[in-house]
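Undergrad: Just the structure for this:
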Amino acid sequence: MVTTSADVLGGTPVFVGTRVPVQTLIEYLEGGDTVDDFLEGFPTVAREQVLTYLHR
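TA: Below is the predicted model:
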């Protein structure tokens, strides 16, 4: 669900198939936002990706 590549954001961990950093999800949640808030802002990320990441 998460990948890194030197060619995508300099190796920052992102959700597979997107350029959305995992750190962005963490910042949303730490700021009091919900998973739904995050998904609304980043529609290229699938709910399953987020839930799999959070339950790892």
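
Undergrad: where along the protein do the strands fall?
TA: Residue ranges of the strands in the chain, as given by DSSP state E, are 2-3, 14-15.

Undergrad: tell me how far the last one is from the chain's mean position?
TA: Averaging C-alpha positions (CA atoms, centre = their mean, to the nearest Å) puts strand 14-15 5 Å from its chain's average.

Undergrad: Can you tell me which helices and strands that strand packs against?
TA: Secondary structure elements in contact with strand 14-15, counted by 3 or more CB pairs under 8 Å, 6 or more residues apart in numbering; DSSP states H and E, are strand 2-3, helix 47-54. Using the backbone N, CA and C atoms, a C-beta is placed for each residue, glycine as well.

Undergrad: would you turn those into a markdown table with mean neighbour count?
TA: Converted to a markdown table, those look like this (neighbours: other CB atoms under 10 Å):
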| stretch | mean neighbour count |
| --- | --- |
| strand 2-3 | 14 |
| helix 47-54 | 14 |
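
Undergrad: looking at those, which is closest to L25?
TA: Put simply, out of these the one that sits nearest L25 is helix 47-54, at 6.3 Å, with distance taken as CB to CB.

Undergrad: Against which helices or strands is the closest one packed?
TA: Applying 3+ CB pairs under 8 Å, 6+ apart, one finds that helix 47-54 makes contact with strand 14-15, helix 22-30, helix 35-41.

Undergrad: just the ones you listed: most buried one?
TA: Here the criterion is mean neighbour count by mean count of other CB atoms under 10 Å, and of the helices and strands packed on helix 47-54 the winner is strand 14-15, at a mean of 21.
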